[in-house]
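S.K.: Give me coordinates for this.
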Amino acid sequence: MFFGGDPFEHFAHGHGGGGGRARRGPAEDVDTTKLYETLGIEKTVDEKEIKKAYRKLAVKHHPDKGGDEHKFKEINAAYEILSDPEKRAKYDKYGLEGLEDGGGPGGASADDLFSMFFGGGRGRRGSAGPRRGEDVNHPIKVSLEDLYNGKTVKLAINRQVLVGEPKMCSTCDGQGVVVELRQIALGMVQQIQRHCHDCEGEGYIAKKKKERKVLEVLVEKGMKHNQKITFRGMADEKPNMEPGNINFIIQEKEHETFKRKGADLLVSKALSLNEALCGFAWIIKHLDGREVVIKSKPGEVIKAEADGGKPFVKIVANEGMPSKGNPFVKGNLYVVFRVDFPSDNELNEEAVKSLKTLLPNPAMEVEYDEETAEIVHLDTADVKNFGKGGVQSHDSAYDSDDEEGGPQGVQCQQS
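M.R.: Numbering: from 1, shown residues only. Got it, this is the predicted structure:
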């Protein structure tokens, strides 16, 4: 269920012991709400509501959908605990400390859980360790060919790095803000908080320089639009903060031949009536450079449309996109057909006679009296104009004289 293996492997810091200690009951400040807050639910909800909240958040924050991987792991860990009645009961009574001795998801210890949800080991929850800097997102335009075949791209970035050890700002005592008092009237003082100018609101002062770094960005086979390629800790360095990540966001370019949805590809093909009835052969150049010949089977008829007025579609199995992580599993290639009928001047009288003889279900001869029956022919039309025929009437004072008082707005005088 976890994304990318053990969800706690990046968060264990080896904080001191706790294993094997006898549980003496919940501490006074034990937290028993964090997991519920992670899933956005109340403590009184049932298992069905827990699962519903988890599915909604998992889809929203899944890394394959552009979500944050750490947040996704928190959601999974919270669900693993709260969906297990025994673990949920321990958590509700003892908090994360109740999941000692590897009782957490994937065998994680209480220290691992504290590290994930509070940024450090127990006893340091809200203020443990340095804060993490903001992530930097860069869009990277990738062709469908590169998403099919995979590609490594070298990209240069400019980042800010620290020179030497940062020092705490004495002006704001490392808070990044200073408080000023202003007298606004006799006996009245206003307290104003502003960013510290000496450290630019960072709380620490350090020398900085620009660094140019070349990153090798691996575009894996089967990657999708808006997926992330993450380089951890490669964003700007800031004093007393962990560097954020640099994320390259896949932006799939439009292709002139193929349309993509998931692992499936789609192409459109126009056929003449002759090809639709008698067979066709068609060569396409696939995304890996192969020439693929798509050929109709003997006696196969390509229809102008499918049942219900839908487009007529066929597929070539396993000729779609490779799947990310398992490129040997591929989607399908869908072919949407359009049949082009001959125009009025392309069929002469002789050709029509031949077609009547060769094609099934010829038109039946109808009997009518030429002197009394009216023969009409068809003109080109647009169904959008249906309902607009005839004289379009407008409201008029003369539409009806049956209303009491005669036509509205007209006065008659008798002489």
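S.K.: ok, and the closest non-adjacent residue to Leu181?
M.R.: Excluding the flanking residues, the one nearest Leu181 by Cβ to Cβ, 6 or more residues apart in numbering is Val189, at 5.2 Å. For glycine as for every other residue, the C-beta is placed from the backbone atoms N, C-alpha and C.
S.K.: what's the answer for Gly150, then?
M.R.: Excluding the flanking residues, the one nearest Gly150 by Cβ to Cβ, 6+ apart is Lys221, at 4.2 Å.
S.K.: likewise Asp31?
M.R.: Gly95 (5.1 Å).
S.K.: Now do the contacts for Lys303.
M.R.: 276, 312, 337, 339 (Cβ atoms under 8 Å, 6 or more residues apart in numbering).
S.K.: just the helices in this structure please.
M.R.: Along the chain, counting by DSSP state H, helices occupy 34-39, 47-61, 69-82, 85-94, 110-118, 144-149, 273-278, 349-358.
S.K.: Tabulate these in TSV, adding columns for mean neighbour count and distance to Val366.
M.R.: Below are those laid out as TSV (neighbours: other Cβ atoms under 10 Å; distance: least, Cβ to Cβ, whole Å):
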stretch	mean neighbour count	distance to Val366
helix 34-39	20	72
helix 47-61	15	61
helix 69-82	22	70
helix 85-94	16	78
helix 110-118	24	81
helix 144-149	20	54
helix 273-278	16	25
helix 349-358	10	15
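S.K.: which stretch among these comes nearest Leu215?
M.R.: helix 144-149 (16.6 Å; Cβ to Cβ).
S.K.: Which secondary structure elements does that closest one sit against?
M.R.: With contacts taken as 3 or more Cβ pairs under 8 Å, 6 or more residues apart in numbering; DSSP states H and E, helix 144-149 sits against strand 246-252.
S.K.: Any buried residues in the strand it packs on, and which?
M.R.: Within strand 246-252, the residues that count as buried by 16 or more other Cβ atoms under 10 Å are 246-248, 250, 252.
S.K.: Return the closest of those residues with respect to Asp369.
M.R.: Set against Asp369, the nearest of the buried residues of strand 246-252 by Cβ to Cβ is Glu252 (65.7 Å).
S.K.: Go through the helices of the chain and find the least confident stretch.
M.R.: Lowest mean pLDDT within the helices of the chain: helix 110-118, at a mean of 58.
S.K.: closest one to Leu287 among the helices of the chain?
M.R.: Closest approach to Leu287 among these (Cβ to Cβ): helix 144-149, 3.9 Å.
S.K.: just the CA coordinates of the closest one, formatted as PDB?
M.R.: Extracted as PDB, the C-alpha positions of helix 144-149 are listed here (Å, rounded to 0.1, in the frame of the first residue of the first chain):
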ATOM      1  CA  LEU A 144       5.600  11.700 -26.700                       C
ATOM      2  CA  GLU A 145       8.500   9.900 -28.300                       C
ATOM      3  CA  ASP A 146      10.700  10.500 -25.300                       C
ATOM      4  CA  LEU A 147       7.900   9.400 -22.900                       C
ATOM      5  CA  TYR A 148       7.600   6.200 -24.900                       C
ATOM      6  CA  ASN A 149      11.300   5.500 -25.200                       C
END
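S.K.: Show me the contact partners of it.
M.R.: Applying Cβ under 8 Å, 6+ apart, the contact partners of helix 144-149 are 219, 221-224, 250, 252-253, 255, 258, 260, 287-288, 321-322.
S.K.: Show me the two of these that sit farthest apart.
M.R.: Largest pairwise distance in those, by Cβ to Cβ, is 18.8 Å, between Ile250 and Asp288.
S.K.: hmm, back to that, please name whichever of the helices of the chain is nearest to Met364.
M.R.: With Cβ to Cβ as the criterion, Met364 lies closest to helix 349-358 of those, at 11.4 Å.
S.K.: how far is the closest one from where the chain is centred?
M.R.: Distance of helix 349-358 from its chain centroid, counting by Cα atoms, centre = their mean, to the nearest Å, is 54 Å.
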